[in-house]
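1. Below is the sequence, then the predicted model.
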Amino acid sequence: MKICSIAAPATAQEAEAIQDALRPRLDLTGPGPRDPALVAGVDVAYADDLLAAAVVVLDGTSLDVVEQVTVPGRPAFGYVPGLLAFRELPSLVDALERLTVTPDLIVCDGYGLAHPRRFGLACHLGVLTGLPTIGVGKTAFVGSFEPPGRERGSWSELLLDGQVVGRVLRTQDGVKPVFVSVGHRVDLETACHDVLTLTPRHRLPETTRAADRLSRSALKAALAAST
DNA sequence: GCGACAG
DNA sequence: ATCTTGTCGC
């Protein structure tokens, strides 16, 4: 699939300006894909100045792997809270371009609309690919919230500046909740529905679990090959 | 001014 | 993200 490449800012100020310039291209019109046929998970693993980006496409119903791609690379930007996209997206876009199928939804590690400038990694990847995207974060980043009920499916609003920017969602009874926010072309209700479909027995979506494992093994292989 | 801070 | 042993639970 063809994807717009991400700009390479030299400074944090430039990076923030790029986010502000792209934010108007966001499509927050719902509802987006409910029970998508093909769902992609993306992740990046690091070791010193090397990295491995991975994309895994799953069948939305069986959750079986349909296709997977890995790409070795170098971090394009330091880790700066709020600017994660500039660090991870260059390599992830490379990997996505090598995909032979087009996913109906991309599940990102991290945040989307729940972001200081309302343009987290999931939003950025959505604008670049034109595909529906959502963000699923493992830890708190921005926004305030009350803990959701302990049962799977319980959720509470993630509020930022008086606006609902996401949901804190319990994906399994008694486990730590995850932070769901929309990226592009999906509404929050649909995003949470899809996350629950992707978490039949674990806290994290099968897409992120698969992408995480793949990126780590690819990094290990790249490390061995460079020796 | 001082912390906090996705991955 | 990554560095890391044993340990509790399904």
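-> Yep, it's here.

2. Now for chain A, the helix or strand with the poorest mean pLDDT.
-> helix A:206-225 (a mean of 95; mean pLDDT, DSSP states H and E).

3. quick one: contacts of that one?
-> A:39-47, A:50-56, A:58, A:63, A:65, A:68, A:70, A:72, A:107, A:109, A:136, A:198-200, A:202, A:204 (C-beta atoms under 8 Å, 6 or more residues apart in numbering). Placement of C-beta: from N, CA and C, glycine included.

4. so who does the residue in chain A that DNA strand C sits nearest to touch?
-> Closest approach between chain A and DNA strand C, counting by C-beta to the nearest atom of the strand: A:A45, at 3.6 Å. Contact analysis of A:A45 by C-beta under 8 Å, 6+ apart lists A:51-52, A:54, A:212, A:215-216, A:218-219.

5. Ranking by neighbours, what's the top pick from those residues?
-> When neighbours are counted by other C-beta atoms under 10 Å, A:S215 leads the contacts of A:A45 with 28 neighbours.

6. quick one, phi/psi of the residue nearest the centre of chain A?
-> The centroid of chain A falls nearest to A:C108 when counting by C-alpha atoms, centre = their mean (1.0 Å). Backbone torsions for A:C108, taken as degrees, to the nearest 10, come to phi -100, psi 150.

7. now A:A15
-> phi -60, psi -40.

8. pretty sure it contacts A:A8?
-> No: using C-beta atoms under 8 Å, A:A15 is not in contact with A:A8, being 9.4 Å away.
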